[in-house]
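S.K.: Sequence plus the predicted model coming up.
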Amino acid sequence: MRKVIINIALIITTIILYILQANLFNWFTIAGVMPNLFVIFILFIGLFGSKTMGTIYGLTVGLFLDFVIGARIGVNCLGLGIIGFLAMIFDKNFSKDSRMTIMVMVMVATIIFEVIVYLINYIIVSINVEIINFIRILAIEVLYNVILTIITYPIIQKAGYYIENEYKGNKILTRYF
């Protein structure tokens with residue numbers, strides 16, 4: 001029953017993040033660049049959920065975003081699915097207790113997501129290659145995502161450990177020994 005409630009809460013959180021992304025952060029841009037809340041969210045689900053939970057949520061949320069705001073179906077789906085899988089790898093190899101580690105994970109995930117989306121758009125649509133502009137936008141978005149992660153880290157950590165305890169059980173000691 002708790003897993004059902006957790007999944008309903010995650011779906012509601014997805015809708016709230018979409019509303020924030022589409023409405024609120026249009027007003028709070030840095031040089032015209034908005035943060036990508038969904039990269040942080042999928043990374044959070046992949047780090048604290050079960051092994052495949054991040055990938056499944058990444059694919060599902062990405063497909064939802066592709067249908068709602070994307071010009072091409074599958075771009076966000078593939079990018080967020082890879083972020084969910086990457087979060088599973090991060091979970092096995094790094095500690096989630098350190099704020100610095102989480103910030104580095106968000107930086108890497110944001111860079112990988114944006115590079116994937118850029119490459120897919122380049123291959124499919126043959127957009128012009130503007131590397132300098134892309135790097136500038138990427139740097140601002142990474143900075144923005146890291147700042148939001150620093151601000152929301154206590155909430156992310158508290159909710160994350162609740163989800164982790166429910167899905168993975170309390171196996172913290174056996175994981176390190």
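M.R.: Everything's here; your move.

S.K.: and M105, that one's in a helix?
M.R.: Yes. Using DSSP: H, G, I helix; E, B strand; the rest coil, the secondary structure at M105 is a helix.

S.K.: In this structure it contacts I40, no?
M.R.: No. Counting by Cβ atoms under 8 Å, no contact exists between M105 and I40, whose distance comes to 9.6 Å. Where C-beta positions appear, they are placed from N, C-alpha and C, glycine not excepted.

S.K.: Please work out which helix or strand belonging to this structure has the smallest mean pLDDT.
M.R.: helix 172-176 (a mean of 53; mean pLDDT, DSSP states H and E).

S.K.: Against which helices or strands is the longest helix along the chain packed?
M.R.: When the chain is parsed with DSSP state H, its longest helix is helix 131-168. Contacts defined by 3 or more Cβ pairs under 8 Å, 6 or more residues apart in numbering; DSSP states H and E place helix 131-168 against helix 2-22, helix 37-48, helix 99-125.

S.K.: buried ones in the first one?
M.R.: The neighbour-count check on helix 2-22 (16 or more other Cβ atoms under 10 Å) flags 6, 10, 14, 17-18, 21 as buried.

S.K.: ok, so of these, who is nearest I56?
M.R.: Nearest to I56 among the buried residues of helix 2-22: L10, at 10.8 Å, using Cβ to Cβ.

S.K.: and that closest one, how far is that from T60?
M.R.: According to Cβ to Cβ, to the nearest Å, L10 and T60 sit 10 Å apart.

S.K.: now swap in I123 and tell me
M.R.: 24 Å.

S.K.: the more surrounded of the two?
M.R.: Under the criterion of other Cβ atoms under 10 Å, the comparison of I123 against T60 puts T60 first, with 17 against 9.
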